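> I'd like to go over a predicted model; first the sequence, then the structure.
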Amino acid sequence: MLCLAVTAPAAFAGSISGTVTDAGTAMPIEGLEVCAYPISEEEEIFEEWFCEETGTGGKYTIGSLEAGEYGVEFWGRPLNYIPQYFDGKSAWWEWDPVAVGSGAVTGVDAAMVEGGEVEGTVAKAEGGAPVQTADVCAWTITSEEFGGCTQTDSSGTYALRGMSAGEYEISFFPEDPGLQTQYYDHKAHWWEADPVSVTLGAVTTGIDADLLAAATVEGQVRRASNGSPLAEVEVCAWSTDPEGAARCTSPGADGRYSIGGLPADDYKVEFWPYDEALPVQYWNHKTSWNAADVLSLTGGTAATGIDADLGSSPAPPTVTPPPLIAPPAVTKPQPRRTHCKKGFRKKRVHGKVRCVKRKKLKHRRHTHMRPGVPTRDAFRPGR
């Protein structure tokens, strides 16, 4: 018997290395994450990446890279450095590609700029308990550029680091669906947010949030033809106020969904199936926005049973009536003769019915209405 030895594929030999320093002091930075992203024809989709942290002297090496072009990111936010992309770019779409072959690529360096910080606490408006694992994110007011995200800890505190100088909108997104999203300072909408100023090398404190109780909408989406659950559907709760809240979700495999975090308001719920053969539906089983029923929600409450049955219902089964069965023949007794012979009529004489001879009338009585005279039915309503 012939046996063939299978050789394991050799590791890729390409690598990227460099040094990361502080732009202000020129001192090396240790513990900063550097990542290489393979650049494909669809540059916006990064399905894999390779990362390493800088070590002693601020040096790093990302090895075992396949030949090709890579974008290199220096992620400094945890150490309060503004993120940077090779070579000295502030956005990933501006980065200079690094060509990797079969050997080492050196000198992919970065001089990091110290950023500003924003700190605060997130708590529940009712009771003041700390809100854990809430996402706190920042966007610049003028250009709407992303300024970073972080999470609150067990005490409800957070710190946004590595922010560029400028004014920001700060958003608080609780993981708990029973709490409402909030924008600083205690605003319900992002366009109402008070700006927060950030200065390089400084800490802006007291950017807090007190989150209100939210409403929840729950239900199930089914196929009308057979009652089976539908998961490929987008379910949205839209405020009837054009400037109100809107939240969407998709059901699970059992067709059940839950939309939380809703402020107290009036809502209409829309069910948008991915299958184009199924029509869009609005609660409660309505075909248009204008006809949809309104849900009036208050904070801390849950509206349940907000269901949808998409598509056409099956036609009712055809019922074939059972064959008619003739009743059994019944022999009836013959009645006694009760009529009079021709020319005679009934008449009661001395308490008994007798047949007496008819008398001929001299003039025939008219029993019909005159032509042109309407009957009573002609005046009935609706005629």
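Yep, it's here.
> element containing residue 235?
Assigned by DSSP states H and E, residue 235 falls within strand 233-239.
> relative to that strand, what are the paired strands and their orientations?
strand 246-249 (antiparallel), strand 265-273 (antiparallel) (DSSP bridges).
> could I get these as JSON lines with mean pLDDT and mean neighbour count?
Just so you know, the C-beta spots here come from the backbone N, C-alpha and C atoms, and that holds for glycine as well. Output for the strands paired with strand 233-239, formatted as JSON lines (pLDDT from 0 to 100; neighbours: other CB atoms under 10 Å):
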{"stretch": "strand 246-249", "mean pLDDT": "93", "mean neighbour count": "15"}
{"stretch": "strand 265-273", "mean pLDDT": "96", "mean neighbour count": "21"}
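> contact partners for the closest residue to residue 94 other than its chain neighbours?
The shortest distance from residue 94 to any non-neighbouring residue, by CB to CB, 6 or more residues apart in numbering, is to residue 85 (6.7 Å). Counting by CB atoms under 8 Å, 6 or more residues apart in numbering, residue 85 makes contact with 71-74, 91-92, 94-95.
> relative to residue 76, how far out is residue 85?
Remark: distance between residue 85 and residue 76 (CB to CB, to the nearest Å) = 11 Å.
> now swap in residue 118 and tell me
Distance from residue 118 to residue 76, by CB to CB: 16 Å.
> bridging residues for the residue nearest to residue 94?
In beta-bridge terms (that is, DSSP bridges), residue 85 pairs with residue 73, residue 89.
> next, the distance between the ends of stretch 280-300.
Stretch 280-300 has an end-to-end distance of 29 Å (CA to CA, to the nearest Å).
> does residue 130 touch residue 158 like I think?
No: assessed by CB atoms under 8 Å, residue 130 is found out of contact with residue 158, at 10.7 Å.
> okay, and the common contacts of those two?
121-122, 152.
> residue 153: neighbour count?
Residues near residue 153, counting by other CB atoms under 10 Å, number 12.
> contact partners for it?
Taking CB under 8 Å, 6+ apart, one finds residue 132 in contact with residue 153.
> how far away is it from residue 162?
Taken as CB to CB, the span from residue 153 to residue 162 is 18 Å.
> also residue 154?
Taking CB to CB, one finds residue 154 at 23 Å from residue 162.
> more neighbours: the two, which one.
residue 162 (22 against 8).
> surely that one touches residue 81?
Yes: Residue 162 is within contact range of residue 81, at 5.4 Å (criterion: CB under 8 Å).
> which neighbours do those two share?
What both residue 162 and residue 81 touch, as defined by CB under 8 Å, 6+ apart, is the set residue 115.
> okay, now the unreliable bits of the chain?
1-11, 41-47, 313-383 (pLDDT under 70).
> mind running it again at 90?
Scanning the chain for pLDDT under 90 picks out 1-13, 40-48, 102, 142-145, 188-191, 242-246, 312-383.
> so residue 191: helix, strand or coil?
Counting by DSSP: H, G, I helix; E, B strand; the rest coil, the backbone at residue 191 sits in helix.
> numbering from 48 from now on, please.
Okay, residue one is now 48; in that scheme the one you just asked about reads as residue 238.
> that one: neighbour count?
Quick note: residue 238 (other CB under 10 Å) scores 8 neighbours.
> same question, residue 110
With other CB under 10 Å as criterion, residue 110 counts 14.
> quick one: it from residue 182, how far?
For residue 110, the distance to residue 182 - CB to CB - is 34 Å.
> same question, residue 210
For residue 210, the distance to residue 182 - CB to CB - is 16 Å.
> do residue 170 as well
15 Å.
> between these two, who's got more neighbours?
Each of residue 170 and residue 182 has its neighbours counted (other CB under 10 Å); residue 170 has more, 19 against 16.
> ok, the more buried one - contacts?
176-178, 203, 255-258.
> what's opposite it in the beta bridge?
residue 177, residue 257.
> show me the protein divided up by domain.
The chain is divided into the following domains under automatic domain parsing: 61-159, 163-258, 262-357.
> start to end distance for the first one?
I take that to be domain 61-159. End residues of domain 61-159 are separated by 25 Å (CA to CA).
> and what of the second one?
With CA to CA applied, domain 163-258 spans 25 Å between its terminal residues.
> that domain: how far from the chain's middle?
24 Å (CA atoms, centre = their mean, to the nearest Å).
> quick check: residue 132 vs residue 138, distance?
For residue 132 relative to residue 138 (CB to CB), the value is 7 Å.
> try residue 270
45 Å.
> more neighbours: the two, which one.
residue 270 (18 against 11).
> partners of the more buried one in the sheet?
Per DSSP bridges, the residues bridged to residue 270 are residue 357.
> OK, contacts around it?
With CB under 8 Å, 6+ apart, residue 270 has these contacts: 276-277, 325, 356-358.
> what do you get for residue 244?
Here residue 244 is in contact with 213-215, 251 (criterion: CB under 8 Å, 6+ apart).
> ok, then the element right after the host helix or strand of it?
Here residue 244 sits within strand 243-245, counting by DSSP H and E. The first helix or strand that comes after strand 243-245 along the chain, using DSSP H and E, is strand 250-251.
> which outside residues touch that next one?
163-166, 243-245.
> out of these, which are buried?
163-166, 243, 245 (16 or more other CB atoms under 10 Å).
> just give me the neighbour total for residue 305.
Using other CB under 10 Å: residue 305 sits among 16 other residues.
> would you confirm that it contacts residue 267?
No: counting by CB under 8 Å, residue 305 does not reach residue 267; the two are 10.4 Å apart.
> ok, back up a step: which of the contacts of residue 132 are buried?
118-121, 142.
> OK, contacts around the nearest residue to residue 112 once chain neighbours are set aside?
Here the nearest residue to residue 112 in space, its sequence neighbours aside, is residue 61; by CB to CB, 6+ apart that works out to 3.8 Å. Residues near residue 61 by CB under 8 Å, 6+ apart: 110-114, 147-152.
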